[in-house]
Structures are given as structure tokens and as C-alpha cells.
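Peer 1: Sharing a model that was predicted from the sequence below.
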Amino acid sequence: MNTTILGYPRIGARRELKTATEDYWAGRADAAALEAAGAELRASVWTGLRDAGLDAIPSNTFSFYDQVLDTSVLVDAVPERYRHLSGLDRYFAMARGVQDVPPLEMTKWFDTNYHYIVPELGPDTRFRLAGGSASKPLVEYREARALGIETRPVLVGPLTYLLMAKPAPGAPDGFRPLDLLDDLVEVYAELLERLAGAGAAWVQLDEPALVADRTEEEITAFARAYARLGGLPTRPRLMVATYFGTIGTDALRVLARGRVEAVALDFAAGPGNLEVLASVGGLPRKTVVAGVVDGRNVWRTDTRRARATCATLLGLADQVVVGTSCSLLHVPLDLDAETSLDPSVRGRLAFARQKVAEVVALGRALREDGPAPDEVPAPAAAVDRDVRARVDALRGVRRGDRADRFTAQRAALGLPDLPTTTIGSFPQTAEIRRARADGRAGRIPADAYVQAMKDEIARVIALQEDIGLDVLVHGEPERNDMVQYFAEQLDGYAATRHGWVQSYGSRYVRPPILHGDVARRRPMTVEWATYAQSLTSKPVKGMLTGPVTMLAWSFVRDDQPLADTARQVALALRDEIGDLEAAGVRVIQVDEPALREALPLREADRAAYLDWAVEAFRLATSGVADTTQIHTHMCYSEFGEIIGAIGALDADVTSVEAARSRMELVADLRDAGYGNGIGPGVYDIHSPRVPSAEEMEDNLRRALQAVEPSRLWVNPDCGLKTRAYPETEASLRNLVAAAHRVRRDR
Ligand code: GLN
Ligand code: ZN
């Protein structure tokens, strides 16, 4: 082993996997066709990697949906409700549900935007190697071998699998999936023996859970599991892969002393790995896979730095293999497909295919101790001195006293107690989507597009007036995506044409690339907002996406601290907010749905993150008069460790999800000292169900136990863009009725 990668995108150059799975789901293709498409994609990845000169090629990184779901099927952790189905139908039912059978939960894979299917485990879960010799890792290993390609099967490690699982509904209190570790390890033992029998020389066990904070008990369990696997009489060599951060010292000590042959460490997201490695005395007689090519981001590798890291590692391990920091699943497939990117940006980028070439080149340089083939420095990021000077001048800004603002806004806006509003978007009908697509593609003239959007805004304003809402929105018909919409208008951001990255299942996103200093060329939302405001005497909320979310859902430059980049985005938003205010918009909402998900994996890193996140939000929002009301919105109610930060944002009104947790967080926020307006979503927009006025009234009364009526806002729990009009209108009418009843009774 000299060069390797930890995994590769599955989708195919022309998104073949998406087409094939969606055709299967729609009944347009049968299982055989889907299987054939899968086999073809796998073959093309393996042969592509071989032809690129990579010498250790992973297998079992392909998936029809998700590798964690694959693992659940592999070990037969299939909840009872899916057991009447079999094969692909069972598999997809677990992922997506079928009539009357809800799917398994889905959640984010560590701090990435990839979502995995959460295993549901209980004391009755009986693990076994479900497919025997026909289980997926074996099948794919033999499939590659038949093509003449020797591979290293990749498995989600048993510790990570269990730590990512949740207790099945009905499991007794106190049950933890990790309690099942010993049973699960026996299945892995059987699988390893079978893989060895099939000829596999190496197996990769992914244990990213080791880069988050772990208890002593978890580390002990981990040590026990790997002692068992390492002690198997016949087994492939074991490579334990960690990624997304720095491995814990205890965990690395276990690996250093234990019977595994290689450890993969992430030197992109885990710069502390060198130090941890040195502190445990290195990995004598073992191999370290040096994750020096960043698998999470799109930048070309700094080859000098990567070589220096490898050179240091040579003193700390028996052998150094050049690798990616994590699977390449998280970056787009091929930069060559991007023909219209600015060359100065393009020259700094590497997608999955280019990253493989980097690994191969670095491997050669390391082995031959010769020059790295490509040491032409990447072009530098574009610098905007004006932006930098202004950002520096704006450190530590904040708004005036919150009580003064409250009084000023009440007088200026003339709002009743329990004011009603929505989160921003209204249903995006097929008609709107078509108009937007036609406008983009130039199939309709620019003024026809503008008119179509204005007509929609006018409809949405009239509807809200008719329903009787107090603070209106323009409905966001012009936005395809809340980040992309702004990225397209800001300097320093670029969009790709084919840069798809898997988000979940067959859903792929194309994150914009934040490559240089961010600057606002011209107002981005003012025209739509002022048009909407001109149609009504009620306040219309201006609608923006906050700095953290603008970074979290993009690929972001890594040549300066995130905090600096966030400040630049914040400055652009500050200017936009100033323009909105000057144009007569009196309420402005800055959405930060990503605030919690961007929280670092380790406790020790969180305070610093929250500091810059809060500072950026304040920089964006603190330039307005006391009479201008700033709102923010987040799509969850379990604040946990960020509850203090919510208050520190100092928005005048914060709207959040709350319906599913019965308004509990209103009291939580009060207890955390939050004293501004709060809009706990009184109904769940994630389903077409129309909640009754009574139900919402009940929610409001509950909330009023923890907050006074002048600070309680009445709104749904998220934007309405995924809903249809009939249920939206009915629900909002009930919402207004609920607010009226509660007001009347006071
Ligand atoms: N304003 C956005 C909307 O209503 C907020 C979306 C979000 O919270 N993710 O669509
Ligand atoms: Zn939301």
C-alpha cells in the first residue's frame, strides 16, 4: 500500500445513479435494471481509480442509498415493521417508508451535509450476517476481483455504527445501542473471516466517532471490540479509519497498542493528529494512512505542506501511505466538467477525480523522494481591500438597549399582543418554478420574468391581508435556494454546473464555492421587498440568510479563519439591511438554520465557534435604528449547548420549531435568560395536515406560561415552500383565529 482514498462519489458523471434509483421507485425500471446500473457504476469507479494509478482501491463504498443503512441490512438490524418486505423493497422502505410504514429517521453524518439513516436498535435486536456469503461487502469484493482489481472492502466500524444508532421505540429506559457491541462484533468477526477466505488482504473499518468526545466506558468498549477482531486467527489486515477531526488520545493509544495494522488520520480537519500521534509514541510497526488530501473541501492540495506532513510521519510510523482525509463522497466528481468557471478560481480547485491524481502524485514523490510533480502554486484568492478595512473597523459592534428597542418598535409598528406572521416562503407552485427556470434559461424576456414574480408577490400579499396576518412576507418566489440565491449575487462566490454532492438518498445539492473576499455589488433583495411593501400598509419582513448558514452550506476557502470569512459575509448583509431599512422596510429577518449544525464536534472547540458566529450575526444586524425590528429563524427546538448563543444574537424576535416538543423551549429560553420576542412554531409545516385553531390555541396558552403576550409571536415552525396552497391557507386561517381567541380572553 502506497496510495489510497477512503471512499469515492457514487453518483456517476451523468448522475446515472439518481436516474436509475428514481426510475426504479417510479416503476419505470425493474430491480435487474437498477442492479445493472449499480454494477456498471462500481466497475467504472474501480477501473477509473486503477487507471489513475491508485494502488489501494476501496470497495463497498457504493450504496443505493446510504452506507449506514447498508450496514443495518448487512447485520440484519431490520425493525419488525419492514420484515414483510424483502430485497430492494425492504431496503428502500427503511430509507423512505411505504404506505402506512414510516421510514427510519434520517440525520446528519457528523458535521457534514450528508444524511444517514439512523439504525433503530433495541434489546431484542439479534444481529447476524444477513446475506452470508452473498452479503454486500463480499459480493462487491468478488465483483471487483472478477475485473482483475484487488480492493479493500470498507465497513462502518462497529463502535461508530452503534454510537450513531438510536434506541428503538419501546426500548426500556436506560437501554443504549452500545450495550449490543459484543454481539455486533461477532458478526464483524464472521464477516472478516469470510472476506479473508475470499482473498481480501485488507479491510477498512471507519470509526469517525473517535474524533468526537468519548467517555472512558466507550473507549473501553472500543478496545474490547478491536481486541476481539484483531485476535481472529484468519482475517484481513485491519485499517481503522478516523476522519472529520483529531482522534482522541485514549483511542489512538488503544490502536497503537492493539492488533490493527493501519490507522488513517485526517490531517485536513484534524491538524492536532500529529501531536496526538507523537504523544502516544507514534505507531511503531504499523502503517499510518496520512489523510493529507482534503476529502471535504474543493481546494487543490498544498503539496509542499502535504509532503512535509508525510515526512514528519515517517518518523512516527513504520510506513506512510498517502491518502484522503475522508471519503471523497463529500466533494463533486470532476472539475473537468466545469468549463465555465473563472480560470483563476478553477486553478485553485480539485474535485474527486483531481484529488485522486494528487494522492497518486504525492505517493510517487514520497516513494521516490523526488520532487512533487505539480508544485506550481495555486493562484491567490481575490482580495478586496475596501471590504477588509471596513470589517476591521466594525469589530465588537452591538445594538442599543433591548428594552428601549422593544418600546420603540411597539410604537413604530403598532402591533397587537401575540402578533401573527410566517417564516418567509409561500408555496412554490409548479408555475413559479417554471417561471424561474424559464427566466434563468432566458426562455422568457427579463421583464416577463420580473412581472411573473411581482404577480406572485401581489397574490401572496393579498392572501395574507385577507387571512389577517400582522407582519407579512413577500413569499420568496424568486429564490431557488436560500444560500444559492445570495451566493449568485455576491463577489467571492462561484457556482458550479455539475458540482453535485450527495445530501441523502437520490438528493444531491450543488453547494456554491466561496473562494475570495466577499463583497456585495448591489442590493440583492430590495427591489422585491419594496415592491411587496408598496402593496400594503402592514409591515412586510425583509428576508435574508445569515452568515453561518451562508458558510455551512457552501464550500468555503480554507486560507483564512472561518471567522474572517463570516465577517465579510456579515458586512455584505449589513449593507443589504441598511438598504432595506432606508427603503422603508421596518422588519428584517436573518435566517440562521445552520447555527446548531455547524457546532464543532468537540466541546473544547465550541465556545470559539459560537463567539464568531454570534459576532457575525451582530455585525450584520446592528446597523439599524432601534425602531427597526430584527428577526431570526432556526428550524429546531433543541438548542442544547447553543441556548446561550440564541440570546447573544440579540435579535428582537426569534422564531423556532416548537410544535413537536409542545412549546417546551419557551420555558427553556426564559430560564437561559432570553428576554426578547419569541415565535415558537405553533404548527408543524412538514406535513400537509391542517391543525385546528384549538390545537394552536392550546400551544399558545402553554407558551404564555413562560412569556408575556407582548413578546409571544404566532407563526408556523418553518417556511411554507414545500407545502401546497389549500392546506397552507386553511392552516394560516386557523392560526390567526387561535391568536385572536387568546388575545380576546386576556
Ligand atoms: N425564510 C426561509 C423560508 O421560509 C427559511 C428557510 C429555513 O428555515 N430553512 O423558506
Ligand atoms: Zn426553518
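Peer 2: Done, it's in. Ligands and ions are numbered 1, 2, ... in the order given.
Peer 1: and the residue in the stretch 401-550 of the chain that ligand 1 sits nearest to, what does it touch?
Peer 2: Residue nearest to ligand 1 within the stretch 401-550 of the chain (CB to the nearest ligand atom): Gly424, separated by 2.7 Å. C-beta coordinates here come from the backbone N, C-alpha and C atoms, glycine included. By CB atoms under 8 Å, 6 or more residues apart in numbering, Gly424 lies in contact with Val473, Gly475, Glu476, Lys541, Met543, Gln589, Asp591, His633, Gly719.
Peer 1: between those residues, which is nearest Leu17?
Peer 2: Distance to Leu17 across the contacts of Gly424 (CB to CB) is lowest for Gly719, with 29.2 Å.
Peer 1: Once you drop chain neighbours, what's closest to the closest residue to ligand 1 within the chain?
Peer 2: Residue nearest to ligand 1 within the chain (CB to the nearest ligand atom): Gly719, separated by 2.0 Å. In space, and not counting its chain neighbours, Gly719 is closest to Ser425: 3.7 Å by CB to CB, 6 or more residues apart in numbering.
Peer 1: Per-residue pLDDT of the one you found, please?
Peer 2: On pLDDT, Ser425 comes in at 98.
Peer 1: do Phe406 as well
Peer 2: With respect to pLDDT, Phe406 scores 96.
Peer 1: Over to Gly542?
Peer 2: Value for Gly542, per-residue pLDDT: 98.
Peer 1: Asp470: neighbour count?
Peer 2: 19 (other CB atoms under 10 Å).
Peer 1: and the closest residue to Gln428 other than its chain neighbours, what does it touch?
Peer 2: Using CB to CB, 6+ apart and skipping residues adjacent in sequence, the residue nearest Gln428 is Lys721, 4.7 Å away. By CB under 8 Å, 6+ apart, the contact list for Lys721 reads Ser425, Phe426, Pro427, Gln428, Glu476.
Peer 1: can we see that at 10 Å?
Peer 2: 423-429, 432, 475-477, 479, 482, 685, 728 (CB atoms under 10 Å, 6 or more residues apart in numbering).
Peer 1: which stretch of helix or strand covers it?
Peer 2: Per DSSP states H and E, Lys721 falls between elements, in no helix or strand.
Peer 1: which regions of the stretch 301-450 of the chain sit below the pLDDT cut-off?
Peer 2: Confidence mapping of the stretch 301-450 of the chain against pLDDT under 70 gives the ranges 369-376.
Peer 1: picking that back up, what's the local residue count around the residue nearest to Gly719?
Peer 2: If you count neighbours by other CB under 10 Å, Ser425 ends up with 22.
Peer 1: just Val359 next, same as before
Peer 2: By the criterion of other CB under 10 Å, Val359 has 30 neighbours.
Peer 1: thought it was touching Asp294?
Peer 2: No. With contact defined as CB atoms under 10 Å, Val359 does not count as touching Asp294 (11.1 Å).
Peer 1: list residues touching both of the two?
Peer 2: Applying CB under 10 Å, 6+ apart, one finds that Val359 and Asp294 are jointly contacted by Thr301, Ala306, Thr324, Leu328.
Peer 1: Pull the number of nearby residues for Arg390.
Peer 2: Using other CB under 10 Å, Arg390 has 16 other residues around it.
Peer 1: May I have the secondary structure class of it?
Peer 2: Secondary structure, DSSP: H, G, I helix; E, B strand; the rest coil: Arg390 is helix.
Peer 1: For the stretch 551-700 of the chain, which segments count as strands?
Peer 2: Along the stretch 551-700 of the chain, the stretches classed as strands by DSSP state E, counting those that start in this stretch are 555-556, 587-591, 629-633, 653-656, 677-680.
Peer 1: and those strands as TSV, adding mean neighbour count and mean pLDDT?
Peer 2: TSV is the format used below for the strands of the stretch 551-700 of the chain (neighbours: other CB atoms under 10 Å; pLDDT from 0 to 100):
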stretch	mean neighbour count	mean pLDDT
strand 555-556	23	98
strand 587-591	25	98
strand 629-633	26	98
strand 653-656	25	97
strand 677-680	26	97
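Peer 1: that older thread, report the buried members of the contacts of Lys721.
Peer 2: 423-428, 432, 475-477, 479, 482, 685, 728 (16 or more other CB atoms under 10 Å).
Peer 1: Ile467 versus the closest residue to ligand 2 within the stretch 351-500 of the chain, what's the distance?
Peer 2: Closest to ligand 2 within the stretch 351-500 of the chain is Ile423: 5.8 Å, counting by CB to the ion. Going from Ile423 to Ile467 by CB to CB, to the nearest Å gives 15 Å.
Peer 1: in whichever strand in the chain runs longest, what counts as buried?
Peer 2: Ranked by residue count under DSSP state E, the longest strand found in the chain is strand 283-293. With burial defined by 16+ other CB under 10 Å, the residues of strand 283-293 counted as buried are Leu283, Lys286, Thr287, Val288, Val289, Ala290, Gly291, Val292, Val293.
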